[in-house]
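Chemist: The sequence and its predicted three-dimensional model are supplied below.
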Amino acid sequence: MFDSIRRMLGGAPKESSAEVSFQQLNEVAPLSSVPATVPNLNEQKNSSFIRRDAILDQNERIAGYEFALGQKMQSRLMDKSALIRRVYDEAMLSNLAPLGVSSLLGGRSAFIRLSVESLRSPLLPAIANPNMVIMIAPRPVSEINLAELRESLAHVSMMGFKLGWSINKPCPEYAEFLQQAAFVEIDTSSMDGIQLKAMLADLRSSNPEQKLIASRLQTVDDFKYCFERRFDYYMGPFVSSRENWHPAKSDVNYLPVFQALEMIRAGAEFDAIAECLRTDPVLTFKLLRYINSPGIGLQQKINEIQQALMLLGRERFYRWLSLLLFDSKKPGFHENVIREQALTRGRLMEMLAGKGQVPANADQLFLIGLFSLMNLMLALPLEDVLKQVALPEAVASALRGEAGPLHDALALAVALESDNGEMEAAAAQCGLEAGDVTGQMIEALAWAQEIVAVS
C-alpha cells in the first residue's frame with residue numbers, strides 16, 4: 001500500500017514495511033477527485049508535477065526558485081505525521097530528480113523544503129548540487145534526537161547541498177543550527193516590528209555571511225517593508241501580483257519596432273525594413289550585437305543592418321524584434337518577472353509543437369506565449385497591442401481567448417505558473433501528460449534565464 005501512495009503522488013515505488021492507507025493520506029492531502037475504490041491504482045500514470053515560485057534579490061531580479069509539489073498538498077502535510085511527511089518528500093524528490101533543475105538554472109539557487117526525517121533519503125544524491133538549498137522547519141526539540149539531527153545535517157552538507165531553516169518565531173533551542181545555516185527564511189507575517197528587529201539583529205551578529213529571506217509577502221507594501229530592513233531575498237504572492245503595476249521605462253523606441261514587425265509580415269523588402277531601423281541607433285546597436293554574438297556562430301563580423309536581416313531571415317528576425325519589446329531599462333521586479341514569464345511561456349509552447357494535440361507550428365506557438373503578457377508589459381489593453389503589431393490571425397485569435405488547439409496550449413502554459421489545480425486538466429486537453437510537460441517547463445525556464453542574462 002505504501003507503494004501505491006507513492007504512485008498516487010508521482011514517486012517511484014520502494015519496498016518498505018511501513019503501512020499507511022490511501023484513505024489516511026487523502027484525508028490530509030486530497031488529490032483531484034478520486035473514486036471511493038481505486039482498483040487499478042498501481043497502473044495509474046505519473047501525474048504529479050513540480051511548481052515553482054520566484055525568489056527575488058535586493059536588485060529586484062529573480063535569484064532563484066522554490067520547487068515543490070502543489071502548495072495545498074504541502075501545507076496540509078507539513079504538520080502531519082512523520083510518515084506522511086516522508087511520503088510527500090519522496091514523491092517530490094522523485095519528481096524533481098529527472099528535471100536536472102540545479103544544472104539548468106546556472107547561478108541561480110533552487111530551494112526545496114524537506115522534513116528532518118528525509119535528510120537521509122537515498123533520493124538526495126540524484127539532485128545534489130551547490131546551488132540546491134534544502135530548507136528545514138524546526139520542530140519541538142522533544143520530537144527530535146539532536147545528535148542524529150547533527151549527523152543528518154553534516155551528511156547533506158557533505159553531499160554538496162546548502163542548508164537553510166524556515167522560522168516564524170525566535171527559536172533559541174535551535175541557535176546552533178541557525179548560526180551555521182547558509183539561509184534563514186523568516187515568515188514576517190507572524191511577528192511584530194519589535195520582534196522582527198530583534199531577530200534580525202541576533203541573526204546578523206551570529207553569522208554576517210548568512211542570507212536572510214523574507215517569506216509569505218502578500219503585497220508590494222510588505223515587500224517594501226522588508227526591503228527597508230535589508231533582507232537579502234524576498235518571496236511570496238506579491239511577486240506575481242499586478243498591484244500598482246506601471247509600464248517599464250525602456251531605452252528602446254517601440255514605434256519603429258512595431259513598424260518593422262508589420263513590414264515583415266506584409267512582405268516588405270529588406271531594404272525598406274533596414275531603412276526603418278537605421279534611424280534608431282539603439283535598435284541598430286542591439287541588432288548588430290545580437291547577430292555578432294557567439295550564439296549565432298557567424299564566421300565573419302556583420303556591420304550592416306541589411307546583411308543582418310538577410311542572414312537571420314524573416315521569421316528569425318521577427319522573433320528577435322518580438323523579444324526586443326521586453327527590453328527594459330532599470331526594471332523593477334514586476335517587469336523582471338513578467339519578462340521572464342513571457343519568455344518561458346513562449347519557449348515552452350514552442351517546445352510542445354507537434355506533441356499530443358498541440359499544432360506543429362512552433363513559430364506561432366512561440367509568439368502566442370511571448371505576446372500573452374505584452375499588454376501588461378506595455379500597460380495597454382490587449383486589443384490596442386494587437387492593433388499596433390501585425391500578428392498572424394491564428395495567433396491573435398488565441399490571444400483573444402478564442403477556443404482551439406493554440407489557445408489550449410496557452411492555457412497549459414498559464415496553468416504551469418499557478419497552483420490552482422488546473423494543470424492536469426489543461427495537459428489532458430492538449431493530449432499530454434502533466435509530468436512530461438513539467439520537465440520541458442524547466443528547460444524553457446533555463447532558456448529564458450539565458451536570454452535575460454545576455455540582453
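Modeler: On my side now, so go ahead.

Chemist: all contacts plus neighbour counts: C-alpha atoms, from now on.
Modeler: Fine.

Chemist: Which phi and psi values does the most centrally placed residue in the chain adopt?
Modeler: Centroid-nearest residue in the chain: residue 52, 4.3 Å away (criterion: C-alpha atoms, centre = their mean). Note on residue 52: backbone dihedrals following degrees, to the nearest 10 are phi -140, psi 140.

Chemist: any idea how far residue 362 lies from residue 55?
Modeler: 30 Å (C-alpha to C-alpha, to the nearest Å).

Chemist: Comparing those two, which shows the higher neighbour count?
Modeler: Ranked by neighbour count (other C-alpha atoms under 10 Å), residue 362 and residue 55 place residue 55 first, with 25 against 19.

Chemist: just to revisit the earlier point, what residues does the residue nearest to the centre of the chain make contact with?
Modeler: 65, 66, 67, 68, 417 (C-alpha atoms under 8 Å, 6 or more residues apart in numbering).

Chemist: hey, what's the third one bridged with?
Modeler: Each beta-bridge partner of residue 67 is listed here: residue 52, as defined by DSSP bridges.

Chemist: residue contacts, it?
Modeler: By C-alpha under 8 Å, 6+ apart, residue 67 lies in contact with 50, 51, 52, 53, 110, 111, 112.

Chemist: Please name every helix or strand in contact with the helix or strand hosting the last one.
Modeler: This points to residue 112. Taking DSSP states H and E as the definition, residue 112 sits inside strand 109-113. For strand 109-113, the elements it packs on are strand 62-68, helix 101-104, strand 132-136, judged by 3 or more C-alpha pairs under 8 Å, 6 or more residues apart in numbering; DSSP states H and E.

Chemist: Quick check: can you name the pairing partners of it and their directions?
Modeler: Here strand 109-113 is paired, per DSSP bridges, with strand 62-68 (parallel), strand 132-136 (parallel).

Chemist: what about it, distance to the chain center?
Modeler: Centre-to-centre, strand 109-113 and its host chain are 11 Å apart (C-alpha atoms, centre = their mean, to the nearest Å).

Chemist: again with stretch 230-238
Modeler: With C-alpha atoms, centre = their mean as the basis, the mean position of stretch 230-238 lies at 15 Å from the chain mean.

Chemist: Tell me the secondary structure at residue 212.
Modeler: strand (DSSP: H, G, I helix; E, B strand; the rest coil).

Chemist: cool, and the one 5 residues further on?
Modeler: The assignment at residue 217 comes out as coil when based on three-state DSSP.

Chemist: State the number of residues packed around the closest residue to it other than its chain neighbours.
Modeler: Once flanking residues are discounted, residue 217 sits nearest to residue 236: 4.5 Å by C-alpha to C-alpha, 6 or more residues apart in numbering. Using other C-alpha under 10 Å, residue 236 is surrounded by 20 other residues.

Chemist: cool, residue 84 as well?
Modeler: Neighbour number of residue 84 under other C-alpha under 10 Å is 19.

Chemist: now residue 166, which residues is it bridged with?
Modeler: Assessed by DSSP bridges, residue 166 has beta-bridge partners residue 185.

Chemist: most surrounded residue in the contacts of residue 52?
Modeler: When neighbours are counted by other C-alpha under 10 Å, residue 68 leads these with 24 neighbours.

Chemist: how close does that residue sit to residue 411?
Modeler: Taking C-alpha to C-alpha, one finds residue 68 at 21 Å from residue 411.

Chemist: do the same with residue 100
Modeler: From residue 100 to residue 411 the distance is 25 Å (C-alpha to C-alpha).

Chemist: cool, and residue 399?
Modeler: Going from residue 399 to residue 411 by C-alpha to C-alpha gives 10 Å.

Chemist: Right, I'll leave it there.
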